[in-house]
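quick check, what structure comes out for this input:
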Amino acid sequence: MTSTHPIVGGGGGLLRVVAAVGLTAGLLCFLVGMRLTRTTPSPELSFRTLNTTGPVSLPTPPPPPSTETTPPPPPPPDLPQLEIELDSVAPAIKATLVRKPELKLAPSDFAPVQQAPLAKMLFSSTDLDSQPRMVNRPTFRFPPAQKARGVTQAKVVLEIVISSGGVVSVQRVLESPHDDFSKVARSYASKARFTPPKKDGRAVQALFRWPLTLQL
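Got it, this is the predicted structure:
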């Protein structure tokens, strides 16, 4: 009698064998890879030292030019005004007007000036051979403002130089009650003409003090 055995399909066992072989091969590859990783030397790192210089200080720039301007000088202080009351010089007198004003000269018309030594070729009246004489008679106008105040006369004293040609040059006003009279006296003197002053027979220039009386 012939016995029969059951036939077991070989597909399932073959798969197990293949899987085992693949797993074994993968494990071997993993181990070999780990071995190679451990035996490969790691790259060396090299360090270099860099020489650096310290910070360079730049020169300090020059300061900018000063733009300050000089302050303007303070204004001059106010000076007191000088007021001249002519009433204290000449009383208010009702004047009798004449057509032409007259100039009256005092007897000592050319009183010598007392002063320090004069400049070369400038003589005093006492050094002259004789006193010069006026050769013309200039006209003048009495100041209207003073005439309106009732002033009829005023005395002005001038310091003058008479040149060798008889021309008068006013140096300064020595005495005057008001600037109005000073202007009139200066104008009158500048138009006056004299005979030349003489010293030892030669025409020279001389210094005089000339009092003038201006009146209506």
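
lowest confidence element among the helices and strands of the protein?
The helix or strand of the chain with the lowest confidence, counting by mean pLDDT, DSSP states H and E, is strand 102-105 at a mean of 53.

let me know the next secondary structure element after it.
strand 122-124 (DSSP states H and E).

pLDDT weak spots in the chain?
1-13, 32-33, 35-61, 63-71, 73-120 (pLDDT under 70).

one more time with 90
1-122, 124-127, 137, 200-201, 215-216 (pLDDT under 90).

quick one, helices of it?
11-39, 144-148, 179-191 (DSSP state H).

out of those helices, which comes closest to I162?
With CB to CB as the criterion, I162 lies closest to helix 179-191 of those, at 10.0 Å. C-beta: built from backbone N, CA, C; applies to glycine.

give the buried residues for the closest one.
Neighbour-count burial for helix 179-191, counted by 16 or more other CB atoms under 10 Å, picks out D180, F181, S182, V184, A185, R186, Y188, A189.

could you do stretch 15-24 as well?
Buried residues in stretch 15-24, counting neighbours by 16+ other CB under 10 Å, are absent.

put the alpha carbons of that stretch into CSV.
The C-alpha trace of stretch 15-24 is given here as CSV (Å, rounded to 0.1, in the frame of the first residue of the first chain):
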residue,chain,number,x,y,z
LEU,A,15,10.2,34.3,1.1
ARG,A,16,11.5,33.8,4.6
VAL,A,17,14.8,32.7,3.3
VAL,A,18,15.2,35.8,1.0
ALA,A,19,14.1,38.1,3.8
ALA,A,20,16.7,36.6,6.2
VAL,A,21,19.4,36.9,3.6
GLY,A,22,18.5,40.5,2.9
LEU,A,23,18.4,41.4,6.5
THR,A,24,21.8,39.7,7.0
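
rewinding a little: which of the buried residues of helix 179-191 lies closest to P143?
Distances from P143 to these, taken as CB to CB, are shortest for D180 (3.8 Å).

what sits closest to that closest one if chain neighbours are left out?
Spatial nearest neighbour of D180, chain neighbours left out: P143 (3.8 Å); criterion: CB to CB, 6 or more residues apart in numbering.

look up phi and psi at that neighbour.
Main-chain dihedrals, P143, degrees, to the nearest 10: phi -60, psi 120.
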